[in-house]
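Engineer: Here is a sequence with its predicted model. Questions after.
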Amino acid sequence: MSEGTVSLPWIVIRQDDNGNRYRVGRYATRAEAQKIADSFDDRGHKQLYWVERIGQNGDGSRN
């Protein structure tokens with residue numbers, strides 16, 4: 001990573017009733033991402049939300 005580049009390795013994923021998955025956003029820390037996922041859950045959204053970390057090769061690993 002070069003100087004001045006921001007790393008956002010944590011993503012929030014939403015899965016709808018049909019099984020479609022969407023990236024909600026990218027975040028610098030797991031705590032920040034979890035706070036966003038929890039805020040959607042707290043509002044009574046019926047979709048499933050979870051946090052994943054993007055690996056070095058760009059893939060996500062579910063946490």
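Structural biologist: Received the coordinates, thanks. Quick caveat: nothing in here was measured; it's all calculated off a predicted structure.
Engineer: ok, so what distance separates residue 43 from residue 52?
Structural biologist: Counting by CB to CB, to the nearest Å, the gap from residue 43 to residue 52 is 21 Å. (C-beta placed from N, C-alpha, C; glycine too.)
Engineer: wait, I meant residue 31
Structural biologist: As for residue 31, its distance to residue 52 is 14 Å (criterion: CB to CB).
Engineer: okay, those two: which has more neighbours?
Structural biologist: Higher neighbour count among residue 31 and residue 52: residue 52, with 18 against 10, using other CB atoms under 10 Å.
Engineer: what about the more buried one, which SS state?
Structural biologist: Three-state assignment for residue 52 (DSSP: H, G, I helix; E, B strand; the rest coil): strand.
Engineer: Do I have it right that it meets residue 15?
Structural biologist: No - contact criterion CB atoms under 8 Å: residue 52 and residue 15 do not qualify, at 11.7 Å.
Engineer: any shared contact partners between those two?
Structural biologist: Common neighbours of residue 52 and residue 15 (criterion: CB atoms under 8 Å, 6 or more residues apart in numbering): none identified.
Engineer: State whether residue 12 and residue 50 are indeed in contact, as I suppose.
Structural biologist: Yes - under the criterion of CB under 8 Å, residue 12 makes contact with residue 50 at 7.4 Å.
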